[in-house]
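Chemist: Sequence first, then the predicted structure:
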Amino acid sequence: MPTSTKFTHRILAALEGASTEGATGRELAKQLWPDSPAWDRRTRGRSGNRNGALGGTLPMKGAKAGHDMVNLGYARVLYTEYSQPLFSITDTGRAVLARTENVPA
C-alpha cells in the first residue's frame, strides 16, 4: 500500500466531509487551500461581460488531487451529465484516513 502523507490525509478528510453526491474539484480546492490568494484571481478573461473563471487554476488542482486519490483506490469518481467529476471517498480511503492521524509530512 502506498505511503500516506499529511496532504493525502487532508484530501481524504475533505472527501469524507463532502456531500453524499461527492465533491467537485472546486469544492476540494476550497477545503485544501481556503486562504489562497488565487481565489481572488480570474483567469481566461474576455472582453465585455465575460470576466473569466474565479479562483485561477485552483479548481483544476483540486480535481487533480481527487484523481490522484482515485488512482490510489482511496476515492471514486462519477461524472455528471455535464462531464463534471464528483469525487467521493471509498472504504479503503476511510481505512487509510483512520490510521493516518500522525503521519510524517
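Modeler: Nice, thanks for sending it over.
Chemist: From now on I want contacts and neighbour counts done on CA atoms only, so please keep to that.
Modeler: Fine.
Chemist: Residue 87 and residue 36: what is the separation?
Modeler: To residue 36, residue 87 is 22 Å away according to C-alpha to C-alpha, to the nearest Å.
Chemist: Where do the helices of the protein begin and end?
Modeler: In the chain, helices defined by DSSP state H lie at 6-16, 25-32, 58-72, 91-99, listed in chain order.
Chemist: Make TSV out of these and add mean pLDDT.
Modeler: Converted to TSV, the helices of the chain look like this (pLDDT from 0 to 100):
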stretch	mean pLDDT
helix 6-16	92
helix 25-32	94
helix 58-72	94
helix 91-99	91
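Chemist: out of these, nearest to residue 80?
Modeler: Shortest distance between residue 80 and these, using C-alpha to C-alpha, is found for helix 25-32: 12.8 Å.
Chemist: which strands and helices sit next to that closest one?
Modeler: helix 6-16, helix 58-72, strand 85-89 (3 or more C-alpha pairs under 8 Å, 6 or more residues apart in numbering; DSSP states H and E).
Chemist: angle of that helix against strand 85-89?
Modeler: Interaxial angle of helix 25-32 relative to strand 85-89 (axes from the mean of the first three to the mean of the last three C-alpha atoms, to 10 degrees): 50 degrees.
Chemist: Residue 39 contacts residue 59, doesn't it?
Modeler: No - assessed by C-alpha atoms under 8 Å, residue 39 is found out of contact with residue 59, at 9.6 Å.
Chemist: Tell me which residues touch residue 78, please.
Modeler: Going by C-alpha atoms under 8 Å, 6 or more residues apart in numbering, residue 78 touches 85, 86, 87.
Chemist: so what pLDDT did the second one get?
Modeler: According to the model's per-residue confidence, residue 86 sits at a pLDDT of 96.
Chemist: ok, it - how many residues close by?
Modeler: If you count neighbours by other C-alpha atoms under 10 Å, residue 86 ends up with 23.
Chemist: Residue 18 too?
Modeler: Residue 18 is flanked by 19 other residues according to other C-alpha under 10 Å.
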